[in-house]
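Novice: compute the structure for the input listed below.
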Amino acid sequence: MANVILTEKIGLGWAAFHWQSNVNVQHVGVDDMVLLSKLSEQSIADNLKKRLHGNSIFTYIGPVLISVNPFKQMPYFTEKEMDQYQGAAQYENPPHIYALADNMYRNMLIDNESQCVIISGESGAGKTVAAKYIMSYIARISGGGPRVQHVKDVILQSNPLLEAFGNSATIRNWNSSRFGKYVQIVFGRGGEPIGGKVTNFLLEKSRVVRQNRGDRNFHIFYQLCAGADKNIRSTLGIGDLDYFNYLNHSGHAMKVVGISEEVQLEILKIVSAILHIGNITFVEERNFAAIEAPDFLQFPAFLLGLSTEAIQQKLTARMMESKWGTKTERIDVTLNVEQANYTRDAWVKALHSRLFDYLVAAVNDAIEVADGQDTGLSIGILDIYGFEIFENNGFEQFCINFVNEKLQQIFIELTLKAEQEEYVREQIRWQEIDYFNNKVVCDLIEAKRPPGIMCILDDVCAQNHGQSEGVDAQLLSSLNKTFIQHPHYQSGAECFLVKHYAGDVVYSVDGFCERNRDVLYPDLILLMQQSSNAFLRSLFPENVNATAGKRPTTASTKIRNQANALVESLMKCTPHYVRCIKPNETKKPGDWDDQRVRHQVEYLGLRENIRVRRAGFAYRRAFEKFLWRYAILTSETWPTYRGDPRQGCQIICRSVSMDPDQYQMGTSKIFIKNPESLFLLEEVREKKYDGFARKIQKAWRQFNARKHHTKQKEQASDLLFGKKERRRYSLNRNFVGDYIGLEHHPVLQSLVGKRERVDFANTVIKYDRRFKTSKLDMLLTAKHLTLIGREKSKNKADKGRLIEVVKRQIDLAHIASIGLSPYQDDFVIINVRDNYTSLIETPFKTEFITSLSKHFRERTRGGILQLEFATSHTITLKKTRFGGGTRTVQFHLSGGSAQCELKPEGKTLHVTIGKGLPNTTRPSMTRPSTGYQRRVDRLRTSTRKTNRAAPPTHAVQQMNLSHGMTNEVGFTYESDDIQICNKIDVI
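Specialist: Just a heads-up that it's a prediction; the model follows:
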């Protein structure tokens, strides 16, 4: 597989782009199985096993993500990983579900097209967890705002809420989804979620009354019994789990969704009532059903706002209509025990199902897109129960496996069949790949002409309306007659076998027709409508009289219609795929069932998928869309291009020196073979945009810098106005801040406080008790003033080497005052409360005092830095073995030049200086001249290439000043930093 390597020359070497240099990642096995050296189901399984045991649960097949359930919490699902994958190309980081989620989100914004992700795999393979990771990632990286945050919270909290009422523990999965869920998140033009919709289908409501051996009921019943406080348990009549026959062996989420506390209590009442109704049993009296223990009616009646008499009547008798000519007579028919049990179970199934529908509707109401705001952009996340093969498979498993068969058909249509058909249509050179098309199985189940299993099932139910005995046997007989020659159907005693894409499944016909009818008798609906509980009545709003005589829609028809509507919705989006693998049946970390994994690899079609990816193209786009996105790459197509779009695409590919073998031109689209070639285009595009952004940033920063410097000059002028004479040649200079070049000296930065930004850095002259000078670096932050010197290291490893050490660090809040003379000298006297004084000299005193005054005010929360202007200042010495005491600095005015003359006499330093500009002089607010900037630019390169020299001595400074020279500073902008250029301006 040829790779395009894109490098750029830097200096005398070559540097790869960032997506090629992920050297810190430990690779286990093959990240993308398109690159497997040997292709077979066994080699795929071996690679997945190697990666799982190396704690890498994700693997790619091109854009398809393979996820192996580790049955433990993995460490790479934190905010750090979210930041790492945001905006990164797929191959820039190890395989991860965050990469797929980020790709969906960016493609939606770039292409202005809705996206969806289809998560498939058998029960217990980790589909629900994968869906939750995708939703949490999208919530994290998308926009903000109160309404947006509310939408995010509702979407995320809907997961535990719906799982409580729709998930349960099965023998194969501790948190098995017993319903299908398709979550659509709707986005605004800026990429922020503005609403959404949750579509649910095929809730396994029969689980409320009946579970297979080793399975449990829905989570909510256990949560209510275990988690409710004492008062609620007492109100709802909740005892131990063993008390309830239906249990044989969440509040915060509701609040976020917007369900009031009153309604929450009503919901829990219904959940509790379901448990109590399950304890109602029947005995036979004169061939009819009678309630064995009438006391068990008390709590359901109380919780549901009904009378015990009404409940007893509806559970043991049914109203029937008898027609004689034009007259209709209604009579009550007493039920036998079997019919009474069926009625009781149908009642609780309806209660739970409608309660679940209410919760879904509440979620949808909370995130409904406001009128006029729907952009048509969405990301859909399909979390559906996985393919199921149990010891006893019934109607529910038949419907579940049918939906999975439909999803497999989508995968085949879009990744195998449609791709090859597109290559033929676009006249692309291509090697055809054979694969199993499961459409024949889908037709076996859902076809209308000739009729499939579902159509025959509906016909049998319609022909035997109201009958239950012998109907399932009649169904099996009809199926055998119709499909006896079908290659994917086999008959058995009281069962039939379907050869699904995921394996052969034997379905017991026992109860098929009953569950397909899914009838809720009008008597029970009328009973609910008699309740004193308004919330309960709202769950049963139908008009029984209006629907009388109409044939109810069967469960198989509902699921067939829902599945086809789902497929239609998915086909409107750009699909992405997560294929989940379950490595074992023990649900233990590290266990690996090789035969089971190979079976999943085979029925998921991973080998064929790899073959298609190897022979195919990773990227394809219409000429116009490709040109629109990448025209910026070359001046031949930017800023305007009026030529043939096909030719324009070729110009773009040639402009980045793309290997001709890496792309083909179809009749309407360009096809690019490898992802690396696409990354090449994206890297160059980002650089182009980066260049434009830099120009905009440069202009904006220059504007802000001028504005900032003007403000600084005004502040500095106000501090010294009328109090200190000014130097002629530094009055109008720009304030720069960093006169050392800290970006080249990280050691200096490390010596100040953590997370403290240095606002002023300068090399100064410090005077000791004998008025001897030393060179120190002075760094000013928002909290501290730090003086850094150099001394020889005493460590054996680098003994004698000069190292930087902190000589003094002063908390700004401890500064008592700053002493200055009224003349134009550069001396600054730093007086520290209850401590010794520092005497320094800096040519940038005005800028230093301005920054210090600002940070002092912030540090002391409004305090004003005291500036003392005098011709004589007393200095407090540091207490050492030589003692403490004081010294004096006296300033004198002479008629000479701007050069300082220093004369130590005992404990006094005499500083003599010539007269400067009047202390009422203000700086000019005009920009530096063009010539000034040109001279700065000429010096820029040489300044960057040289290391910072040792600080100039006081004698050299004085010599410069005596020759009429001064340090002035210009600035220019490179990337995000302000590069400093020192300039010697000869007057």
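Novice: from the chain's centroid, how far away is the longest helix along the chain?
Specialist: When the chain is parsed with DSSP state H, its longest helix is helix 675-720. Averaging C-alpha positions (Cα atoms, centre = their mean, to the nearest Å) puts helix 675-720 29 Å from its chain's average.
Novice: immediately after that helix, which helix or strand?
Specialist: Where DSSP states H and E defines the elements, the next helix or strand beyond helix 675-720 is helix 746-750.
Novice: quick one: contacts of that next one?
Specialist: Here helix 746-750 makes contact (Cβ atoms under 8 Å, 6 or more residues apart in numbering) with Ile740, Leu742, Val758, Ala761, Asp777, Leu779, Ile788, Glu804. The C-beta positions use only the backbone N, C-alpha and C, and glycine is treated the same way.
Novice: dump these to CSV, plus pLDDT and neighbour count.
Specialist: Listed next are those as CSV, based on pLDDT from 0 to 100; neighbours: other Cβ atoms under 10 Å:
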residue, pLDDT, neighbour count
Ile740, 90, 22
Leu742, 85, 19
Val758, 91, 18
Ala761, 93, 25
Asp777, 94, 23
Leu779, 94, 25
Ile788, 93, 22
Glu804, 89, 15
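Novice: can you list those in JSON lines and add distance to Glu285 and secondary structure?
Specialist: JSON lines is the format used below for those (distance: Cβ to Cβ, whole Å; DSSP: H, G, I helix; E, B strand; the rest coil):
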{"residue": "Ile740", "distance to Glu285": "101", "secondary structure": "coil"}
{"residue": "Leu742", "distance to Glu285": "95", "secondary structure": "helix"}
{"residue": "Val758", "distance to Glu285": "93", "secondary structure": "coil"}
{"residue": "Ala761", "distance to Glu285": "98", "secondary structure": "strand"}
{"residue": "Asp777", "distance to Glu285": "102", "secondary structure": "strand"}
{"residue": "Leu779", "distance to Glu285": "96", "secondary structure": "strand"}
{"residue": "Ile788", "distance to Glu285": "99", "secondary structure": "strand"}
{"residue": "Glu804", "distance to Glu285": "99", "secondary structure": "strand"}
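Novice: among those residues, which one sits closest to Glu309?
Specialist: Taking Cβ to Cβ as the measure, Glu309 lies nearest Val758 of these, at 84.5 Å.
Novice: just the buried residues of the helix or strand hosting Leu776, please?
Specialist: According to DSSP H and E, Leu776 maps onto strand 773-780. Within strand 773-780, the residues that count as buried by 16 or more other Cβ atoms under 10 Å are Thr773, Leu776, Asp777, Met778, Leu779, Leu780.
Novice: any chance of these in a markdown table, with distance to Ala534 too?
Specialist: Compiled in a markdown table, those are given as follows (distance: Cβ to Cβ, whole Å):
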| residue | distance to Ala534 |
| --- | --- |
| Thr773 | 89 |
| Leu776 | 80 |
| Asp777 | 77 |
| Met778 | 76 |
| Leu779 | 71 |
| Leu780 | 69 |
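Novice: wait, which of those is closest to Glu192?
Specialist: The closest of the buried residues of strand 773-780, once distances to Glu192 are taken by Cβ to Cβ, is Leu780, at 40.5 Å.
Novice: which ones are touching the closest one?
Specialist: So Leu780 contacts Val758, Asp759, Phe760, Ala761, Thr786, Phe848, Ser851, Leu852, His855 (Cβ under 8 Å, 6+ apart).
Novice: partner residues bridging it?
Specialist: As for beta bridges, Leu780 partners with Phe760, Leu785 under DSSP bridges.
Novice: residues near the residue lying closest to Leu297 once chain neighbours are set aside, how many?
Specialist: What sits nearest to Leu297 in space, not counting adjacent residues and going by Cβ to Cβ, 6 or more residues apart in numbering, is Thr308, at 4.2 Å. For Thr308, the neighbour count with other Cβ atoms under 10 Å is 17.
Novice: kindly report the same for Ser120.
Specialist: Applying other Cβ under 10 Å, I find that Ser120 has 21 neighbouring residues.
Novice: thought it was touching Asn404?
Specialist: Yes. With contact defined as Cβ atoms under 8 Å, Ser120 reaches Asn404; the gap is 6.8 Å.
Novice: okay, and the common contacts of those two?
Specialist: Shared between the contact lists of Ser120 and Asn404 (criterion: Cβ under 8 Å, 6+ apart) are residues Ile384, Gly386.
Novice: how about the secondary structure of Ala565?
Specialist: State at Ala565, reduced to three classes by DSSP: H, G, I helix; E, B strand; the rest coil: helix.
Novice: and for it, the neighbour number?
Specialist: Ala565: 13 neighbours (other Cβ under 10 Å).
Novice: got it, and the one 5 residues further on?
Specialist: Other residues within reach of Leu570 by the criterion other Cβ under 10 Å amount to 19.
Novice: cool, and Arg654?
Specialist: As a burial measure, Arg654 scores 12 neighbours (other Cβ under 10 Å).
Novice: tell me which strands and helices the helix or strand that contains it is in contact with?
Specialist: Element membership for Arg654, per DSSP H and E: helix 645-655. Using 3 or more Cβ pairs under 8 Å, 6 or more residues apart in numbering; DSSP states H and E, the elements in contact with helix 645-655 are helix 623-630, strand 663-665.
Novice: can you redo the ones you listed as a markdown table with mean pLDDT and mean neighbour count?
Specialist: Output for the helices and strands packed on helix 645-655, formatted as a markdown table (pLDDT from 0 to 100; neighbours: other Cβ under 10 Å):
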| stretch | mean pLDDT | mean neighbour count |
| --- | --- | --- |
| helix 623-630 | 85 | 19 |
| strand 663-665 | 82 | 19 |
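Novice: looking at the ones you listed, which is closest to Asp591?
Specialist: It's strand 663-665; of the helices and strands packed on helix 645-655, that one is closest to Asp591 (Cβ to Cβ) at 44.9 Å.
Novice: packing partners of the closest one?
Specialist: Packed next to strand 663-665, using 3+ Cβ pairs under 8 Å, 6+ apart, are helix 645-655, strand 669-672.
Novice: strands paired with that strand, and their directions?
Specialist: Short version: by DSSP bridges, strand 663-665 pairs with strand 669-672 (antiparallel).
Novice: got the buried residues for the partner strand?
Specialist: Lys669, Ile670, Phe671, Ile672.
Novice: redo these as a markdown table? Include distance to Tyr85 and pLDDT.
Specialist: Output for the buried residues of strand 669-672, formatted as a markdown table (distance: Cβ to Cβ, whole Å; pLDDT from 0 to 100):
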| residue | distance to Tyr85 | pLDDT |
| --- | --- | --- |
| Lys669 | 28 | 88 |
| Ile670 | 27 | 85 |
| Phe671 | 27 | 82 |
| Ile672 | 23 | 81 |
